[in-house]
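Chemist: here is a sequence with its predicted model. Questions after.
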Amino acid sequence: MSIQTNQSLSVDCAVFGFNGTTLKVLLIERRYYKPDTHLDPLKLPGAMILENETLPEAAYRVLEEATGLKNVYLKQMEIFSDPKRVSGEELEWINRYHGIHSERVVTVGYYALVKLDSRMVAYTTAKGAQWVDVDSIQRLAMDHKQILTSALSVLCREMLQSPVAFELLPRKFTIRALQNLYIAVLGIEIDNRNFRKKILSSGFLTPTAEKEQGVAHKPARYYMFNRNAYRKAEQHAGNQQHFNVWRCGGEQRTGNKQDCADHQTLFTPQFEGEPTAADSTYRRTKHHGTHHPFLSVWGNLELVGDEW
């Protein structure tokens, strides 16, 4: 007996990767695409959920099919339920592709973080997918540009609230690579010396005996993220009831449910008109009295041409 597909509920995933200089997102070309239509060919990975699976199970299924990975950092971010989010030719395509007869589809947006190494690129390329610079994307299928924009906004906040950045980096990395990642995601310039000073003083990085090889500049030392040190700091912060809900290393950690914007420094996108994933202007909200372990790293971080 075949498993039935839910005809009105789907999941769509913005899968982010970092190649050392730019933030990438995984896009796939929709099947049964006809160039003579008005439909955009590229979309985020997604699927209708099956009647015997939960939303997270559906999202993990989509990610495994797209990346070949099972243990992926995954977070639910938003429900997209506008009755007009898919209509006309887009709705016809969904019905034809999934073999359903739906008049409306609600989708749950997720974002995922993967390490963009050579194996990942080879696997996704073989599947016909492509990694695209988020800043270069102008249009996507259906409302997937809106889903991508929302995912990028959530990622920006998470980057300053928790150590999710290390989900995008190799196990061993340089301080320069970590800084480049923050610059790429947040769309800002960061003072080199101040960044290095702040991140090393956090106590969350452990130096290794290894350094870069075969580089034209002075070889930089490799570091590793000290998850145990962070968890101890997180526990201390939790005892003071000043941290929010976030996920690290596959574990769900829950703290004070009050909106973190009341307590913490956040970077949130500030857009003129319709937001786009390429918009790199961010509004900083000053925080007061937070004890969150990761946010304390950024408390006095100097930005080029701006102030906290």
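Modeler: Yep, that arrived.
Chemist: break down the chain into its strands, ranges please.
Modeler: Per DSSP state E, the chain carries strands over the ranges 5-18, 23-29, 42-43, 46-50, 73-80, 106-113, 130-133, 205-211, 221-225, 246-248, 251-253, 266-269, 282-285.
Chemist: what mean pLDDT does the second one get?
Modeler: Right, the one you point to is strand 23-29. For strand 23-29, mean pLDDT is 96.
Chemist: what's the answer for the last one, then?
Modeler: Averaging pLDDT along strand 282-285 yields 32.
Chemist: can you put the strands of the chain in CSV and add mean neighbour count and distance to Glu57?
Modeler: The way it works is simple: take the backbone N, C-alpha and C, and place the C-beta from them, glycine included. Rendered in CSV, the data for the strands of the chain read as follows (neighbours: other Cβ atoms under 10 Å; distance: least, Cβ to Cβ, whole Å):
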stretch, mean neighbour count, distance to Glu57
strand 5-18, 22, 9
strand 23-29, 21, 20
strand 42-43, 18, 21
strand 46-50, 20, 8
strand 73-80, 17, 11
strand 106-113, 24, 12
strand 130-133, 16, 25
strand 205-211, 12, 35
strand 221-225, 18, 28
strand 246-248, 19, 16
strand 251-253, 11, 16
strand 266-269, 18, 30
strand 282-285, 14, 34
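Chemist: between these, which one is closest to Arg231.
Modeler: Each of those has some distance to Arg231 by Cβ to Cβ; the shortest is strand 246-248, at 7.9 Å.
Chemist: returning to what we had before: relative to Ile183, which of the strands of the chain is closest?
Modeler: Taking Cβ to Cβ, strand 23-29 is the member of the strands of the chain nearest to Ile183, at 9.7 Å.
Chemist: residues touching that closest one, excluding its own?
Modeler: 14-18, 41-45, 66-67, 116, 124, 127-135, 137, 140, 148, 181, 184-185, 277 (Cβ atoms under 8 Å, 6 or more residues apart in numbering).
Chemist: how about stretch 171-184?
Modeler: 18, 20-23, 159, 165, 168-169, 188-190, 192, 195-196, 199-200, 205, 208, 210, 212, 220-224.
Chemist: now with 7 Å, please.
Modeler: By Cβ atoms under 7 Å, 6 or more residues apart in numbering, the residues outside stretch 171-184 that reach it are 18, 20-23, 159, 165, 168-169, 189-190, 192, 195-196, 199, 208, 210, 212, 220-224.
Chemist: good, we can wrap up now.
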